[in-house]
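# Just the structure for this:
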Amino acid sequence: MRSVLVVLFWLCLGAVAQARELRVVGTFFPRVYEQTEDGQFSGLGPAVLRELAGSLESELHFELHPWARAQRMVELGSADILVGPYLTAEREQRFAFAAEPFYQDRILFYARRDAGSTWSGDYHDLNGRRIAVVRGWVYGRQFEEVRAQLQPIMVESVENGLRMLMAGRIELLASNQRNTAPHLTAMALYDEVRELTPLIDVQRGYFAFPRDALHLELRRRFDEAFRQMVESGELARLAAPLEVSVP
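Predicted coordinates:
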């Protein structure tokens, strides 16, 4: 009888572990991770995770936090999934990234139309110019290699950067097209601000997990189910109405 009770105990414990709620965190990424006024989560990130919830054998609990806090929560293992980080060598030391990205962004400089600002693709031409970047963002290998040399001004959000641009406090704002477009519409700036070419970079966004043994199986199940989603065309189907570019 005692042996039977022990077996039942471990079976119940396993069932609880499989059915546990996954804590999903991120910050406001237009069309990738958003929260509506009634508290519902939308965007490509939640859509993908809901499709995969059965394969992950878990319920999902979504939370919105400042970007630095969301990253720290996953790094410390107090949250299970981080939505949307770009992959960098530094971040690979802090998180375990999914095997494949689920979206991609075009990274550009934005300037006032009346300012005559130019960008040739040569970072040496930017020395001494007032450039703003969003705190906590990464902009691709080439930009990051010269970041210290450029001494960019940190802004807390794309909206703040656009306001500084229009006030003449900066000459260029480095941002991604997906995040910036909604602000240009909301602030009625499409006729006032222009994108400069060439691109700074194309960055790909991932799901990331804590780097601990407890999350190895979760990541394995995720990678397998996500690979099937990509191969079936389901990822592209989910992304199309949201106007999010996928790799």
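# in this structure, which helix or strand is least confident?
helix 2-18 (a mean of 43; mean pLDDT, DSSP states H and E).
# Show the subsequent helix or strand relative to it.
Downstream of helix 2-18, the next assigned helix or strand under DSSP states H and E is strand 21-26.
# what about whichever strand in the chain runs longest, average pLDDT?
Looking across the chain with DSSP state E, the single longest strand is strand 193-210. The pLDDT scores in strand 193-210 average 96.
# could I have that strand exported to PDB, CA atoms only?
Provided in PDB are the C-alpha atoms of strand 193-210 (Å, rounded to 0.1, in the frame of the first residue of the first chain):
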ATOM      1  CA  VAL A 193       9.600  63.000 -40.300                       C
ATOM      2  CA  ARG A 194      11.300  60.800 -42.800                       C
ATOM      3  CA  GLU A 195      13.200  57.600 -42.900                       C
ATOM      4  CA  LEU A 196      16.800  57.700 -44.000                       C
ATOM      5  CA  THR A 197      18.400  55.000 -46.100                       C
ATOM      6  CA  PRO A 198      20.400  52.800 -46.100                       C
ATOM      7  CA  LEU A 199      19.100  50.600 -43.300                       C
ATOM      8  CA  ILE A 200      21.100  50.500 -40.100                       C
ATOM      9  CA  ASP A 201      20.300  46.800 -39.900                       C
ATOM     10  CA  VAL A 202      17.700  44.100 -39.900                       C
ATOM     11  CA  GLN A 203      17.200  42.600 -36.500                       C
ATOM     12  CA  ARG A 204      15.400  39.400 -35.600                       C
ATOM     13  CA  GLY A 205      13.300  38.900 -32.500                       C
ATOM     14  CA  TYR A 206      13.100  35.700 -30.400                       C
ATOM     15  CA  PHE A 207      11.400  34.100 -27.400                       C
ATOM     16  CA  ALA A 208      13.900  33.600 -24.600                       C
ATOM     17  CA  PHE A 209      13.900  31.500 -21.400                       C
ATOM     18  CA  PRO A 210      15.900  31.300 -18.200                       C
END
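# how far does that strand sit from the chain's center?
Taking C-alpha atoms, centre = their mean, to the nearest Å, one finds strand 193-210 lying 10 Å from the centre of the chain it belongs to.
# Direction included, what does it pair against?
strand 81-86 (antiparallel), strand 95-97 (antiparallel), strand 103-112 (antiparallel) (DSSP bridges).
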